[in-house]
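Q: Requesting a structural model of the entry that follows:
(one chain, ligands or ions: 1)
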Amino acid sequence: MSLLLSLALLGLAGHSVGQGIPDRGFPDCQDGPLKNNTVCDTTADPLERARALISLFTVEEKLNNTGSVSPGVPRLGVPPYQWWQEALHGVASSPGVNFSTNGDFSYATSFPQPILMGAAFDDELIREVASIVSTEARAFNNDGRAGLDFWTPNINPFRDPRWGRGQETPGEDPFHISSYVHALIDGLQGGYDPKYKKIVATCKHFAGYDMESWNGNYRYQWDAHISQQDLKDYYTPGFQSCARDSNVGAIMCTYNALNGVPTCADPWLLGDLLRDHWGWTNEQQWVTSDCDSLQNIYLPHEFASTRPEAAAKALLAGTDLDCGTYYQHHLPKAYAQGLFNESVLDQALIRQYSSLIRLGYFDGDAVPYRSLGWSDVNTGNAQQLAYKAAVEGITLLKNDGLLPLQVSSNMSIAVIGGWGNATEQMQGNYYGVAPYLHSPYYAAQQLGATVYLHTVPGGQGDPTTNSWLTVWGDVEKSDLIIYADGIDNSVELEGMDRNSVAWTGAQLDMIGELASYGKPMVVLQMGGGQIDSAPIANNENISALIWGGYPGQDGGVALLDIITGKAAPAGRLPLTQYPAEYIAQVPMTDMSIRPDESTGSPGRTYQWYTGTPTYEFGHGLHYTNFSASFSSGSSPSSYGSSSGSSSHSIQDLVGNCHEHYQDKCLFRTFDVDIQNTGSIASDYSALAFLTGTHGPKPYPNKRLVAYRRLHDLTAGSTSTAHLNLTLGSLSRADNKGNSVLYPGDYALLIDTQPLAMLNFTLTGQEAIIDLWPQPPEPTYQTSDYFVGGYGSTYGEDVLINGTV
Ligand SMILES: O=[N+]([O-])c1ccc(O[C@@H]2O[C@@H](CO)[C@H](O)[C@H]2O)cc1
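A: Next up, the predicted model:
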């Protein structure tokens, strides 16, 4: 579905944000009015250059350039600029991206959705994918078809299985997200601190945003109540990775409030935590609002008594740019009322323009990326990588031994289900125009077999009626049944959370009917959020179950190659597959991660869930077997083993740590030898979990502390995974959000069903290694006020006509 169509479904199309793509000119530093200004001096410091530029703007010109559609300053030769570009898994249709209708620049590489790329547990892959995306983005920019900043990635952890946008994220685990996004930003921005940023990435949505529309709660009105402990442990590590450790160029605040304060107007979140605590202090980084989110500060959050006050509060809190027109409409009055002074406006503008300077906006052909063009888009390498990313993420959940299955040309295959011939569907949301979209049906046909396709939309219908006779006739003739279905963007989407995490009755009827033939049968469970596949797991007539997420442009080929063994599966679930009844046990509005007897919550994610998942986080089968052992450098003598435990003094660990941020200090590198003990070559992702009894109860079940994907281990071969554990990984958050090293017992487990284990203890006194800035006591409760449709009932808040 196109962004515009999804916006139409959301009721957002035609809204005030992002209309019009302004001209794409660059400032002319050769002959233009600015040629003698410091902003055109490529040797000067970017901050000085931006200051010199902004000093030329009048107050009106400054106020005009606070929105995502910035008019620039024509008298100075500063061109208009559209700030809103998307690139979630490839250059994507969005207000600032303009695909041509045919020929050059009519498509861009479409990678799998992040939830599937997360399943690869391969940071190098993510870096490569991001590098291709930024190359293509630059090529589009050079052709005047995109800006230079992109509002990706979405790194809110996939907390609740109902969330419609979990598909956009790498999954539910905060360590995984932090590591993934570190690699992603490197690839997108062209390094962590290059002279010229390749593009600017935007980590969103900061913070506590992970609900669209559930049981009368909407993202625009929602006030997420989150303890400091959960904020530190769960909701913000990804943002810390972006801001503190990856030097991301931009951060986006949210629609929702957090503990009573709309995030875009929260001086603690955007100031104390983001800029002060995480040191995101250079002036080349900016915060943008979510699109039209500033209006929600006034209504429905009622955090300001007038619209100008709402705008001023956001600016003062540190929201430098407005996706929309709210600033442009309301800041002038707020300024006239003295609600902020010009220096705050200067700061926002300097942040924006110094960021553009770092992108080389004023530097003409001195910028190395200026030479990228259409021939750099969808190259053979990019196509290979889109395929590889799908293969690496696709996860084998069940296999009774049928797979891998050789398919010969004299075989017949029945491809059944709503995803059988999926094309656009394979991209999920936030996508662009793909060069091609290879469905499972297409891929099955390439094998030379006879293929019968029945898409039976949504699996609807009574399978016993005559209209199904052709389906059953074709199934009768087939040697293999592939049922490809699950969920898609008709049930999980921006603006739409799910109210069931089960297969529908009609789908289960169809699955049951197909299985009753007793033929070799493979189910492809498609979509980003998980569906409880227990009925498939428990059906002995179904040989194999594969989770395919949204696999992108070559997804069908990747799926079929895994079925036939041309590629070996090594994906791991980056999220828990809960039993269907889970959603009755905890409301989406309960933000707490820990189990709670008083509310009946069984806890969230593999770290805290007290029930039995259908498939656990990290689950994923292979076509071969692996063994693991800690190699001599990291084992018994220094760290203990299952037979004996080594101990480490907390005070020594802290005393020997000389990083400003002590959680970054390395505890140890653990070398784990992984051997392929079977007969089929395969990748293997070494996942290392920490467990044990240390710190206050309740203890998490376990937590991921390191991972590494090893590639192409041939039969019998051994490869070593070097796993770095930091002091931060050993620590837990206390109830104030401080990271604390606790004395006690620790065990490091390799894999979900541990292949190796190593024990150690920490001794001495507990020690804080990261002192969390304390927010003010919440004094404000957001109101229940909500008036239904966004952009309709209180459309006047957008002030298209300028009234207040
Ligand atoms: O009015 N619109 O056109 C519109 C379109 C998209 C939209 O969603 C928001 O915009 C995205 C900006 O990157 C955020 O991830 C998402 O929360 C919000 C509003």
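Q: ok, residue 776 - contacts?
A: residue 268 (Cβ atoms under 8 Å, 6 or more residues apart in numbering). C-beta: built from backbone N, CA, C; applies to glycine.
Q: whoops, I mixed them up, residue 688
A: Applying Cβ under 8 Å, 6+ apart, we find residue 688 in contact with 670, 672, 704, 705, 706, 707, 723, 725, 748, 749, 750.
Q: so what does whichever strand or helix holds the first one touch, helix or strand wise?
A: Using DSSP states H and E, residue 670 sits within strand 666-676. Taking 3 or more Cβ pairs under 8 Å, 6 or more residues apart in numbering; DSSP states H and E as contact, the helices and strands that strand 666-676 lies on are strand 626-630, helix 636-639, strand 682-691, strand 703-713, strand 718-726, helix 727-730.
Q: Counting by contacts, list what the longest one packs against.
A: Under the contact criterion of 3+ Cβ pairs under 8 Å, 6+ apart, strand 703-713 touches helix 174-189, strand 666-676, strand 682-691, strand 718-726, helix 727-730.
Q: got the CA positions of the shortest one in PDB?
A: Pointing back at helix 727-730 there. Only the C-alpha atoms of helix 727-730 are listed here, as PDB (Å, rounded to 0.1, in the frame of the first residue of the first chain):
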ATOM      1  CA  LEU A 727      30.000  -3.600  32.300                       C
ATOM      2  CA  GLY A 728      26.700  -2.200  31.100                       C
ATOM      3  CA  SER A 729      25.600  -5.700  30.000                       C
ATOM      4  CA  LEU A 730      26.300  -7.000  33.500                       C
END
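Q: now residue 760: how far from residue 381?
A: For residue 760, the distance to residue 381 equals 43 Å [Cβ to Cβ, to the nearest Å].
Q: Also residue 496?
A: On the measure of Cβ to Cβ, residue 496 and residue 381 end up 36 Å apart.
Q: just residue 518 next, same as before
A: Distance from residue 518 to residue 381, by Cβ to Cβ: 44 Å.
Q: So those two - more neighbours on which side?
A: residue 381 (13 against 8; other Cβ atoms under 10 Å).
Q: Can you check my assumption that the more buried one lies in a helix?
A: Yes - looking at residue 381 with DSSP: H, G, I helix; E, B strand; the rest coil, it is inside a helix.
Q: For the spatially closest residue to it that is not a sequence neighbour, list the residues it contacts.
A: Spatial nearest neighbour of residue 381, chain neighbours left out: residue 132 (7.6 Å); criterion: Cβ to Cβ, 6 or more residues apart in numbering. Taking Cβ under 8 Å, 6+ apart, we find residue 132 in contact with 109, 111, 381, 382, 385.
Q: any chance of these in a markdown table, with pLDDT and distance to the ligand too?
A: Formatted as a markdown table, the contacts of residue 132 follow (pLDDT from 0 to 100; distance: Cβ to the nearest ligand atom, whole Å):
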| residue | pLDDT | distance to the ligand |
| --- | --- | --- |
| 109 | 99 | 20 |
| 111 | 99 | 18 |
| 381 | 98 | 28 |
| 382 | 98 | 23 |
| 385 | 99 | 24 |
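Q: Now the two most distant members of the residues you listed.
A: By the measure Cβ to Cβ, 111 and 381 form the most distant pair in those, at 12.8 Å.
Q: what bits of the protein have low per-residue confidence?
A: Within the chain, the stretches with pLDDT under 70 are 1-24, 457-466, 633-645, 779-804.
Q: in it, which residue is closest to the centre?
A: Nearest to the geometric centre of the chain sits residue 169, at 2.5 Å (Cα atoms, centre = their mean).
Q: quick one, phi psi at the nearest residue to residue 70 once chain neighbours are set aside?
A: Leaving aside its chain neighbours, residue 70 sits nearest to residue 81 (4.8 Å; criterion: Cβ to Cβ, 6+ apart). Reported as degrees, to the nearest 10, the phi and psi values for residue 81 are phi -140, psi 130.
Q: Repeat that for residue 506.
A: Torsion angles, degrees, to the nearest 10, at residue 506: phi -60, psi -40.
Q: Please, where are all the strands along the stretch 151-300 of the chain?
A: With DSSP state E, counting those that start in this stretch, the ranges of strands along the stretch 151-300 of the chain come out as 202-206, 213-214, 217-218, 223-224, 250-253, 257-258, 261-262, 286-288.
Q: again with the stretch 501-650 of the chain
A: Ranges of strands in the stretch 501-650 of the chain, per DSSP E, counting those that start in this stretch, are 521-526, 544-549, 626-630, 640-641, 644-649.
Q: and the closest residue to residue 399 other than its chain neighbours, what does it touch?
A: Once flanking residues are discounted, residue 399 sits nearest to residue 544: 4.7 Å by Cβ to Cβ, 6+ apart. Contact analysis of residue 544 by Cβ under 8 Å, 6+ apart lists 396, 398, 399, 400, 402, 403, 521, 522, 523, 563.
Q: Quick check: ChimeraX command selecting the buried ones in the residues you listed.
A: Burial among those is assessed by 16 or more other Cβ atoms under 10 Å; the matching ChimeraX selection reads:
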select :396,398,399,403,521,522,523,563
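Q: Of the contacts of residue 544, which is the nearest to residue 204?
A: Using Cβ to Cβ, the contacts of residue 544 come closest to residue 204 at residue 396, 31.9 Å.
Q: and residue 376, how many neighbours?
A: Neighbours around residue 376, by other Cβ under 10 Å: 17.
Q: isn't it right up against residue 140?
A: No - when contacts are counted by Cβ atoms under 8 Å, residue 376 is not listed as touching residue 140 (10.1 Å).
Q: how many neighbours does whatever residue of the stretch 501-650 of the chain ends up closest to the ligand have?
A: The stretch 501-650 of the chain approaches the ligand most closely through residue 528 (15.1 Å), counting by Cβ to the nearest ligand atom. Neighbour count for residue 528, taken as other Cβ under 10 Å: 29.
Q: what about the helices and strands packed on strand 703-713, which gets the closest to residue 601?
A: Between the helices and strands packed on strand 703-713, helix 174-189 lies closest to residue 601; by Cβ to Cβ that is 18.6 Å.
Q: just checking, what packs against that closest one?
A: Partner elements for helix 174-189 (3+ Cβ pairs under 8 Å, 6+ apart): helix 123-142, helix 237-240, strand 703-713.
Q: What parts of the stretch 151-300 of the chain come near the ligand?
A: Those residues of the stretch 151-300 of the chain that sit near the ligand, judged by Cβ under 6 Å from any ligand atom, are 151, 204, 290, 291, 292.
Q: and the second one, how many neighbours does it have?
A: Each residue near residue 204 was counted by other Cβ under 10 Å, and the total is 23.
Q: Return the residues in contact with the closest residue in space to it that isn't next to it in sequence.
A: Closest residue to residue 204 apart from its sequence neighbours, by Cβ to Cβ, 6+ apart: residue 252 at 3.5 Å. Taking Cβ under 8 Å, 6+ apart as the criterion, residue 252 is in contact with 151, 202, 203, 204, 205, 206, 287, 288, 289, 290, 323.
Q: Which residues does the nearest residue to the first one once chain neighbours are set aside form beta bridges with?
A: Spatially, and ignoring its direct neighbours in sequence, residue 151 is nearest to residue 202 (4.4 Å; Cβ to Cβ, 6+ apart). Going by DSSP bridges, residue 202 is paired in beta bridges with residue 250.
Q: Residue 202 and residue 186, how far apart?
A: Applying Cβ to Cβ to residue 202 and residue 186 gives a distance of 15 Å.
Q: Give me the buried stretch members for stretch 366-379, please.
A: Under 16+ other Cβ under 10 Å, the buried positions of stretch 366-379 are 367, 369, 370, 372, 374, 376, 377, 378.
Q: now do the same end-to-end measure for stretch 694-713.
A: 36 Å (Cα to Cα, to the nearest Å).
Q: Next, the buried residues of that stretch.
A: Neighbour-count burial for stretch 694-713 [16+ other Cβ under 10 Å]: 694-695, 699-710, 713.
Q: Could you point out the helix or strand that follows the one helix or strand residue 396 maps to?
A: Assigned by DSSP H and E, residue 396 falls within strand 395-399. Downstream of strand 395-399, the first helix or strand assigned by DSSP H and E is strand 412-416.
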